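>>> predicted model and sequence follow; I will ask about them next.
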Amino acid sequence: MKNVVIGLEVHCELNTNTKLFCGCPTKGSNEPNTRTCETCLGMPGSKPLLNKKAIEYAIKLCLALNCKISKELIFSRKSYFYPDMAKNYQITQYEIPLGTDGKLKLKSGKEINIKRVHMEEDPAALVHPKGMHESAYVLVDYNRSGNPLVEIVTEPDLASAEEARDFMKQLITILNYLGIFDINKGIIKADANISIKESDYKRCEVKNITGFKEIERALNYEVLRQKAEAEAGRKIFQETRAWNAERGITSLLRKKESEEDYGYILDSDLVKTEITKEMLDEIKNEMPELAQDKVEKFVLRHKIKREDAEVIAAEKELAEMFEKVAEKINPLLAAKWLRRELLRVLNYNKKEIYEIKMDESHIIDLLKLVESKKITENVASKIMEKLIEKPFDVHGYVKKEKLEAVSDAMEIEKYCEEAIKENPHAVEDYKKGEERALNFLIGHVMKKTKGKATPKEVNEILKMLIFCH
């Protein structure tokens, strides 16, 4: 996209057991309004109490994003009157965010500047029975109200929907490595600010976009909408819009407010919390090795290609599996099978690595058989497909199904002789220079051996026999 400016405000739910300012559980009963108390319902006289684990998680994220961390934690009240916030204000950070001036690197190498990372409480969930625009009434579920969130605000450094999608992917990878976000149940949403040159970069905000693909779809639509408005000579106003995933369009919510409209004031119920050097040092010591660190380690220690290292390190579970497998198997072979075969089978079955029961021991057993040439890669691929469905004893399965590789040249030669006799036309075509005919014959032999011979051996024997006839 040319002459497009995009900034993101990403809201991520921290994976704590209790809410940000009370002891109500963040998970449990899904029956509306059952995980609530006086504090998250905003009742008069209730007092918030800060969740220490949420602070630790938020600081970990700031460190991973290379942010400058504030020396004290200060909360403010963001005043607005809406059903999702019973006390008519949201407790958030405004004057001094927890983290500032961070960076996140995209896959392309481009660095996106992080303006601020701050903590806040999640509002309640609004339920529109017939959709946002058609419902005659709205229901409110306060179970979610008060859940701990971090908001990551970028500078307007993104220049396309593709970059925005990649930013979200890289952020999810960091969150997963840190272990502060539940990838299965956690809520992560983005508000996107988009402007184009044709409107003199008048900014429109699209609210509450969920999912990588939806980020890309919403941004692409909004850029096209703004360009169409500009081309038609209509003025673009600063406004807030909603993304309708079903219809694939944005619609006007309200004219855009400024921060001043929210009437921020310091929250008198929450005292300043000092972030000490000792506290920071303790959290730094708990920081895990992140994806970019693993990439460098895989390249330097295991000598695998950087491209393979980046794909493997992008998923924490895959990276951990590779490290365990590479202790027992040639790292180059391990990288090849995890990066290509395992991901191929997962994609085909529409599964994520954390959803399968197979572990590194099954991969090690399988690749040891490949490494020692006791089974062919073709057989190993088929076993991998079965392992994804349900783990089993690889050695026992190979023995039971008689899948050991055919390494006896005399036996392979016998199958090749049969293929030549059964397919005389293919033999003649190959002699005339048609390479596809040889591939046909190889496939015929592989079928006879049930994939237990290596294509390379079959290729060599077939060529020898054809030109000896």
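Good, I have the coordinates.
>>> any idea how far K351 is from M358?
10 Å (Cβ to Cβ, to the nearest Å). Just so you know, the C-beta spots here come from the backbone N, C-alpha and C atoms, and that holds for glycine as well.
>>> quick check: neighbours shared by these two?
I388 (Cβ atoms under 8 Å, 6 or more residues apart in numbering).
>>> low-confidence stretches in the protein?
Applying pLDDT under 70 to the chain picks out residues 1, 132, 256-260, 406-410, 467-469.
>>> quick revisit: neighbour-wise, which of M358 and K351 wins?
M358 (20 against 13; other Cβ atoms under 10 Å).
>>> so what are the domain limits for this structure?
With domains defined by automatic domain parsing, the chain comprises 4-280, 289-400, 409-468.
>>> so how many other residues sit close to the nearest residue to I304 once chain neighbours are set aside?
In this structure, I304 finds its nearest non-sequential neighbour in A335, 4.2 Å apart by Cβ to Cβ, 6 or more residues apart in numbering. Residues within reach of A335, counting by other Cβ under 10 Å, total 24.
>>> what helix or strand does A335 sit in?
helix 331-336 (DSSP states H and E).
>>> render the CA-only coordinates of that helix in CSV, please.
Extracted as CSV, the C-alpha positions of helix 331-336 are listed here (Å, rounded to 0.1, in the frame of the first residue of the first chain):
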residue,chain,number,x,y,z
PRO,A,331,20.0,-31.3,13.7
LEU,A,332,19.8,-30.8,9.9
LEU,A,333,17.6,-33.9,9.6
ALA,A,334,15.5,-32.8,12.6
ALA,A,335,15.0,-29.3,11.2
LYS,A,336,14.0,-30.7,7.8
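>>> that helix: how far from the chain's middle?
Centroid displacement of helix 331-336 relative to its chain, using Cα atoms, centre = their mean, to the nearest Å, is 23 Å.
>>> which elements pack onto the helix or strand just after it?
Following helix 331-336 in sequence order, the next helix or strand is helix 343-348 (DSSP H and E). For helix 343-348, the packing partners by 3 or more Cβ pairs under 8 Å, 6 or more residues apart in numbering; DSSP states H and E come out as helix 377-389.
>>> list the buried residues of the helix it packs on.
E377, N378, V379, A380, S381, K382, I383, M384, L387, I388 (16 or more other Cβ atoms under 10 Å).
>>> got these as a markdown table, with distance to R247 columns?
Converted to a markdown table, these look like this (distance: Cβ to Cβ, whole Å):
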| residue | distance to R247 |
| --- | --- |
| E377 | 47 |
| N378 | 47 |
| V379 | 49 |
| A380 | 46 |
| S381 | 42 |
| K382 | 43 |
| I383 | 45 |
| M384 | 41 |
| L387 | 41 |
| I388 | 36 |
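>>> just give me the neighbour total for G433.
For G433, using other Cβ under 10 Å, the count is 7.
>>> can I assume I420 sits in a helix?
Yes. With DSSP: H, G, I helix; E, B strand; the rest coil as the criterion, I420 is part of a helix.
>>> in the stretch 201-350 of the chain, which spans are strands?
204-209, 239-244, 249-255, 265-266, 273-274 (DSSP state E, counting those that start in this stretch).
>>> switch the ones you listed over to CSV; also include mean neighbour count.
As requested, these are arranged in CSV below (neighbours: other Cβ atoms under 10 Å):
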stretch, mean neighbour count
strand 204-209, 21
strand 239-244, 19
strand 249-255, 14
strand 265-266, 13
strand 273-274, 12
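>>> how about those, which one is nearest A405?
Closest approach to A405 among the strands of the stretch 201-350 of the chain (Cβ to Cβ): strand 204-209, 51.0 Å.
>>> that closest one pairs with which strands?
strand 188-196 (antiparallel), strand 239-244 (parallel) (DSSP bridges).
>>> and the angle from it to strand 249-255?
110 degrees (axes from the mean of the first three to the mean of the last three Cα atoms, to 10 degrees).
>>> may I have strand 204-209 as CSV, with CA atoms only?
C-alpha atoms of strand 204-209 as CSV (Å, rounded to 0.1, in the frame of the first residue of the first chain):
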residue,chain,number,x,y,z
CYS,A,204,-10.1,7.0,11.3
GLU,A,205,-10.1,4.3,14.1
VAL,A,206,-11.5,0.8,13.5
LYS,A,207,-12.4,-0.8,16.9
ASN,A,208,-12.2,-4.3,18.2
ILE,A,209,-10.7,-6.4,15.4
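>>> still on that earlier bit, who touches the residue nearest to I304 in this structure?
With Cβ under 8 Å, 6+ apart, A335 has these contacts: F298, H302, I304, K305, D308, A309, I312, F322, A326.
>>> weed out the non-buried ones from those residues.
Buried, going by 16+ other Cβ under 10 Å: F298, H302, I304, D308, A309, I312, F322, A326, out of the contacts of A335.
>>> out of those residues, which are inside helices?
Applying DSSP state H to these, the entries found in helices are F298, H302, D308, A309, I312, F322, A326.
>>> from these, which is closest to E120?
Distances from E120 to those, taken by Cβ to Cβ, are shortest for I312, at 34.6 Å.
>>> and the biggest helix by length in the chain, which residues are buried?
As assigned by DSSP H, the longest helix anywhere in the chain is helix 212-231. Buried residues in helix 212-231, defined by neighbour count with 16+ other Cβ under 10 Å: 212, 214-223, 225-227, 229-230.
>>> now stretch 359-378
Buried-residue list, stretch 359-378, by 16+ other Cβ under 10 Å: 360, 362-370, 374-378.
>>> same check on stretch 56-63?
In stretch 56-63, residues buried by neighbour count (16+ other Cβ under 10 Å) are E56, Y57, A58, I59, K60, L61, C62, L63.
>>> and the closest residue to the last one other than its chain neighbours, how far from L98?
Counting by Cβ to Cβ, 6+ apart, the nearest residue to L63 once its immediate chain neighbours are dropped is M287, at 6.0 Å. Distance of M287 to L98, given as Cβ to Cβ: 16 Å.
>>> tell me the contacts of K336?
Counting by Cβ under 8 Å, 6+ apart, K336 has contacts D308.
>>> whoops, I mixed them up, E38
Contacts of E38 (Cβ under 8 Å, 6+ apart): G45, S46.
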